[in-house]
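S.K.: coords please:
(one chain, ligands or ions: 1)
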Amino acid sequence: MLRSVILAASRSSQVERLVATAPFTRDVVRRFVAGSGTDDALRATRELVADGLAVTLDNLGEDTVTPEHATATRDEYLRLLKLLSAAGLTPAAEVSVKLSALGQMFDEQLAYDNARAICAAADEAGTTVTLDMEDHTTTDSTLDVLARLRKSFPSTGAVLQAYLRRTESDCRELASVGSRVRLCKGAYQEPESVAYQSAREVDKSYVRCMNILMSGDGYPMLATHDPRLIAIGEDRARWFDRGADHFEFQMLYGIRPEEQARLVGEGYQVRTYLPYGTDWYGYLMRRLAERPANLAFFGRALVSKK
Ligand SMILES: Cc1cc2nc3c(=O)[nH]c(=O)nc-3n(C[C@H](O)[C@H](O)[C@H](O)COP(=O)(O)OP(=O)(O)OC[C@H]3O[C@@H](n4cnc5c(N)ncnc54)[C@H](O)[C@@H]3O)c2cc1C
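M.R.: The predicted structure is shown next:
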């Protein structure tokens with residue numbers, strides 16, 4: 001219930017204004033976001049890489065409605081990739097891209113062209129791109145764009161969401177040689193017609209999808225903070241004899257950092273998803289919706305500012 005309210009608020013510009021101007025917001029944002037500028041992103045990447053983590057950087061922003069804005073987002077990724085390469089941070093660092101930030105909502109071809117330019121820049125920088133997955137109305141379009149991009153850049157990563165009923169079948173399609181697939185639970189509010197609604201059903205679907213990916217021929221990227229799913233992932237790695245070079249765990253910046261360090265210590269490849277930029281509202285609200293207990297963090301920040 002609280003999750004639905006927070007996710008509904010994530011689409012409200014009125015609530016956004018309220019949250020963005022609240023005096024305590026900065027402290028909360030800082031926990032989940034590297035900072036507003038490219039320099040912040042590079043600094044945080046350096047620190048994570050020094051700790052043995054791989055990184056995927058996300059220039060925050062989504063639901064872009066003008067070609068100019070979509071082009072500006074593309075250009076920021078091109079700049080970022082040049083800087084990452086110059087700093088010697090590739091291939092440890094790759095980038096995650098939302099097609100809706102590149103124009104998908106009004107012009108799929110423009111989003112494809114922008115994503116292709118980013119893939120080419122990533123290739124030149126010696127790294128790769130993963131296409132984030134957004135709400136279910138975009139899944140077909142995103143997988144179409146992915147298939148087109150993979151013709152020239154086969155290592156372009158996909159994201160599949162275990163809460164969608166279709167995902168087991170998508171996993172089967174994508175568990176092929178060279179195919180990088182990030183499996184997550186899914187962060188959007190979706191209707192029962194397309195998505196499992198209970199946590200138990202989503203978890204069971206995650207395990208079924210994990211089994212397909214871990215027993216398949218691709219490169220699975222298990223994106224979860226869930227202790228039970230991580231333990232099952234470790235188990236499957238043993239069953240299917242997948243060493244650290246043949247799959248990875250992924251977690252979000254600021255969430256369970258001690259677990260990220262533990263897995264690195266165990267010899268696993270772990271990638272931290274590192275968002276940066278000023279357009280943090282939708283991202284932050286999805287993190288709060290996943291764990292309404294994080295609202296207490298808001299509360300503490302509020303009290304400490306009084
Ligand atoms: C690398 C990465 C990339 C992602 N990309 C996408 C994407 O492209 N599309 C998409 O829809 N979703 C994406 N997600 C989000 C994902 O779908 C889930 O919403 C999110 O990961 C929470 O699910 P969980 O598997 O961690 O399990 P949950 O059941 O939500 O959480 C399990 C445990 O993890 C901890 N935890 C989880 N979330 C939080 C939090 N916000 N704050 C503090 N602790 C927390 C808690 O201990 C919790 O008990 C991504 C997640 C990761 C890690």
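S.K.: From here on, just use CA atoms for contacts and neighbour counts.
M.R.: Noted.
S.K.: Tell me how many other residues surround the nearest residue to residue 104 once chain neighbours are set aside.
M.R.: Sequence neighbours aside, residue 111 is the residue nearest to residue 104 in space, at 5.0 Å (criterion: CA to CA, 6 or more residues apart in numbering). For residue 111, the neighbour count with other CA atoms under 10 Å is 25.
S.K.: so which helix or strand takes in residue 111?
M.R.: Taking DSSP states H and E as the definition, residue 111 sits inside helix 108-124.
S.K.: the helices in this protein, which residues?
M.R.: Ranges of helices within the chain are 2-9, 13-21, 25-32, 38-50, 67-86, 108-124, 139-152, 167-174, 199-215, 227-239, 257-265, 281-290, 295-305, based on DSSP state H.
S.K.: now those as JSON lines including mean pLDDT and distance to the ligand?
M.R.: Formatted as JSON lines, the helices of the chain follow (pLDDT from 0 to 100; distance: least, CA to the nearest ligand atom, whole Å):
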{"stretch": "helix 2-9", "mean pLDDT": "76", "distance to the ligand": "11"}
{"stretch": "helix 13-21", "mean pLDDT": "69", "distance to the ligand": "17"}
{"stretch": "helix 25-32", "mean pLDDT": "79", "distance to the ligand": "9"}
{"stretch": "helix 38-50", "mean pLDDT": "97", "distance to the ligand": "14"}
{"stretch": "helix 67-86", "mean pLDDT": "97", "distance to the ligand": "17"}
{"stretch": "helix 108-124", "mean pLDDT": "98", "distance to the ligand": "15"}
{"stretch": "helix 139-152", "mean pLDDT": "98", "distance to the ligand": "10"}
{"stretch": "helix 167-174", "mean pLDDT": "98", "distance to the ligand": "12"}
{"stretch": "helix 199-215", "mean pLDDT": "98", "distance to the ligand": "7"}
{"stretch": "helix 227-239", "mean pLDDT": "97", "distance to the ligand": "7"}
{"stretch": "helix 257-265", "mean pLDDT": "98", "distance to the ligand": "10"}
{"stretch": "helix 281-290", "mean pLDDT": "84", "distance to the ligand": "4"}
{"stretch": "helix 295-305", "mean pLDDT": "58", "distance to the ligand": "10"}
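S.K.: Now render those helices as TSV, adding distance to residue 184.
M.R.: Listed next are the helices of the chain as TSV, based on distance: least, CA to CA, whole Å:
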stretch	distance to residue 184
helix 2-9	17
helix 13-21	26
helix 25-32	18
helix 38-50	21
helix 67-86	23
helix 108-124	21
helix 139-152	14
helix 167-174	11
helix 199-215	8
helix 227-239	11
helix 257-265	16
helix 281-290	12
helix 295-305	22
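S.K.: Nearest to residue 92 among those helices would be which one?
M.R.: Among the helices of the chain, the nearest to residue 92 by CA to CA is helix 38-50 (7.1 Å).
S.K.: doesn't residue 188 make contact with residue 134?
M.R.: Yes: with contacts counted by CA atoms under 8 Å, residue 134 reaches residue 188, the gap being 7.3 Å.
S.K.: Show me what counts as buried in the helix holding residue 111.
M.R.: 108, 110-123 (16 or more other CA atoms under 10 Å).
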